[in-house]
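Visitor: for reference, the sequence and a predicted model appear below.
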Amino acid sequence: MPIIRADSLVKEFRRPKRVPGRFGAVRTLLTRQYTVTRAVDGVGFDIDAGELVGYLGPNGAGKSTTIKMLTGILVPTSGAVEVSGVVPWRDRERNARHIGVVFGQRSGLWWDLPLIDSLHLAATLYDVRPADLRAHLARFTDLLGLDEFLTTPVRQLSLGQRMRGDLAAAMLHRPDVLYLDEPTIGLDVVARDRIRAFVADLNRAAGTTVVLTTHDLDDVEALCRRIILIDHGRVLYDGDVATLKARHAPHRELVVHLAEPGPVEIADAEPVAATDGRVTLRFDPARVSSADLIGRVLARHRVTDLSIVEPDLERVVAGIYADRTA
Ligand SMILES: Nc1ncnc2c1ncn2[C@@H]1O[C@H](COP(=O)(O)OP(=O)(O)OP(=O)(O)O)[C@@H](O)[C@H]1O
């Protein structure tokens, strides 16, 4: 049963056409001509309760605009959107009760308050019961490592600390759906890992549905089974990560470290690199299994180490965008 339904969503932005020259500003106002940007151009998808979906696309593809329509910040030009049976832009208050939103570039916290006071204030706004607040705060503090900076004013927090605070604030009322827009942008490895672990835990333990927009495809590899790929406001791909890779990057690589450097010639495998006894063989798993290939290499060579390299999602997605613009 879908918890999020988007059907033929379109969003156009109109901007007054600027008239150049003397008195241009006045003439811009008077001519009333507009440039129309179609940021989202017929996007549709269903997301089931408990899914964790990566919503991806290059700069300007229409990701944030879609998320803003899902959260009720923007009204679609046409098409329909429903989240937990609510039309977000029509009933913003009811919608807000069952969603959490975190925009990586912007904070929902109160700058002058210590983080803990900001969290209490967020809980008050959402009518979180004191006992629930205590339980959620304890769990989030533990998972996100908040205790070292709970009493620090928000304006003094580092980006990673602030982001963890924002996530906690967004989830205190235990919404069914969490929208995350670039949650790990500019963060160090520690903060990024904390955030990934927290999101994975929310999804697994509480069944929270998560829609994640990110340019960091390591986030996607770590968290998402399904991705929706958009470009120029349209869906290019909607499905699981493994199928996308199989379709667009069917090859795997077997990296072999030889005890005695030399050429490796094996049927069904193409040597693509060789340095200091480290040979990389590219193969198609649909034609030859890794086990078979490894068996053949071991039968012919003395090997000190070997590994299989999966295609990198980053490269796969970059290749798809390049094909589109070629
Ligand atoms: N308020 C606005 N007024 C006019 N045009 C806008 C507005 N907001 C977005 N756009 C345009 O709509 C298109 C899609 O923008 P959007 O921010 O949704 O892309 P995005 O995929 O989130 O990009 P990024 O990865 O760079 O954040 C862009 O061409 C952008 O310039």
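Guide: Good, I have the coordinates.
Visitor: partners of Arg278 in the sheet?
Guide: With DSSP bridges applied, Arg278 shows beta-bridge pairing to His257, Thr275.
Visitor: list the contacts for it?
Guide: Val255, Val256, His257, Leu258 (CB atoms under 8 Å, 6 or more residues apart in numbering). In this view, the C-beta of every residue, glycine as well, is placed from N, C-alpha and C.
Visitor: how many neighbours does the residue in the stretch 101-250 of the chain positioned nearest to the ligand have?
Guide: In the stretch 101-250 of the chain, the residue that lies nearest the ligand is His215 (6.5 Å; CB to the nearest ligand atom). Residues lying near His215 (other CB atoms under 10 Å) number 16.
Visitor: can you check the one 10 residues further on too?
Guide: As a burial measure, Arg225 scores 13 neighbours (other CB under 10 Å).
Visitor: ok, it - contacts?
Guide: Arg225 neighbours (CB under 8 Å, 6+ apart): Glu51, Leu52, Asp240, Val241.
Visitor: state whether the residue of the stretch 101-250 of the chain closest to the ligand is indeed within a helix.
Guide: No - with DSSP: H, G, I helix; E, B strand; the rest coil as the criterion, His215 is assigned coil and is not in a helix.
Visitor: okay, and the beta partners of Val235?
Guide: In beta-bridge terms (that is, DSSP bridges), Val235 pairs with Ile230.
Visitor: whoops, Ser307 was the one
Guide: Counting by DSSP bridges, Ser307 forms beta bridges with Val255.
Visitor: quick one: it and Gly262, what's the gap?
Guide: 19 Å (CB to CB, to the nearest Å).
Visitor: may I ask which of the contacts of Arg225 has the most neighbours?
Guide: For the contacts of Arg225, neighbours tallied by other CB under 10 Å; top is Leu52, 22 neighbours.
Visitor: can you tell me how far that residue sits from the ligand?
Guide: Per CB to the nearest ligand atom, to the nearest Å, Leu52 is found 19 Å from the ligand.
Visitor: list the residues that contact the nearest residue to Glu221 once chain neighbours are set aside.
Guide: Excluding its sequence neighbours, the residue lying closest to Glu221 (CB to CB, 6 or more residues apart in numbering) is Leu313, at 5.4 Å. By CB under 8 Å, 6+ apart, the contact set of Leu313 is Leu217, Val220, Glu221, Val241, Leu244, Lys245.
Visitor: how about Val279?
Guide: Counting by CB under 8 Å, 6+ apart, Val279 has contacts Val255, Val256, Leu258, Pro263, Val264, Pro271, Ala273.
Visitor: give me the number of residues near Ala291?
Guide: Based on other CB under 10 Å, the number of other residues close to Ala291 is 8.
Visitor: that's a strand at it, yeah?
Guide: No - the assignment for Ala291, made by three-state DSSP, is helix rather than a strand.
Visitor: and the pLDDT at it?
Guide: On pLDDT, Ala291 comes in at 91.
Visitor: quick check: it vs Trp111, distance?
Guide: Distance, Ala291 to Trp111, using CB to CB: 57 Å.
Visitor: elements contacting the helix or strand harbouring Arg196?
Guide: Assigned by DSSP states H and E, Arg196 falls within helix 189-205. In this structure, helix 189-205 packs against strand 52-56, helix 130-144, helix 159-171, strand 177-181, strand 209-213, helix 217-223, with contacts taken as 3 or more CB pairs under 8 Å, 6 or more residues apart in numbering; DSSP states H and E.
Visitor: that one to helix 159-171, inter-axis angle?
Guide: Counting by axes from the mean of the first three to the mean of the last three CA atoms, to 10 degrees, helix 189-205 lies at 20 degrees to helix 159-171.
Visitor: helix 189-205 to strand 177-181, inter-axis angle?
Guide: Between the axes of helix 189-205 and strand 177-181, defined by the same axes, to 10 degrees, the angle is 160 degrees.
Visitor: and the contacts of helix 189-205?
Guide: Contact with helix 189-205 is made by 50, 52, 140, 143-145, 158-161, 163-164, 167, 171, 178, 180, 183-184, 187, 208-210, 212, 216, 219, 222-223, as judged by CB under 8 Å, 6+ apart.
Visitor: ok, now stretch 226-244?
Guide: Residues outside stretch 226-244 that contact it (CB under 8 Å, 6+ apart): 11, 38-45, 51-58, 61-63, 65-66, 220-221, 224-225, 313, 316-317, 320-321, 324.
Visitor: how far is that stretch from where the chain is centred?
Guide: 12 Å (CA atoms, centre = their mean, to the nearest Å).
Visitor: measure that stretch end to end?
Guide: One end of stretch 226-244 sits 10 Å from the other (CA to CA, to the nearest Å).
Visitor: residue contacts, the residue lying closest to Asp147 once chain neighbours are set aside?
Guide: Closest residue in space to Asp147, ignoring its immediate chain neighbours: Thr141 at 5.4 Å, by CB to CB, 6+ apart. Shown in contact with Thr141 (CB under 8 Å, 6+ apart): Asp147, Leu150, Ala168.
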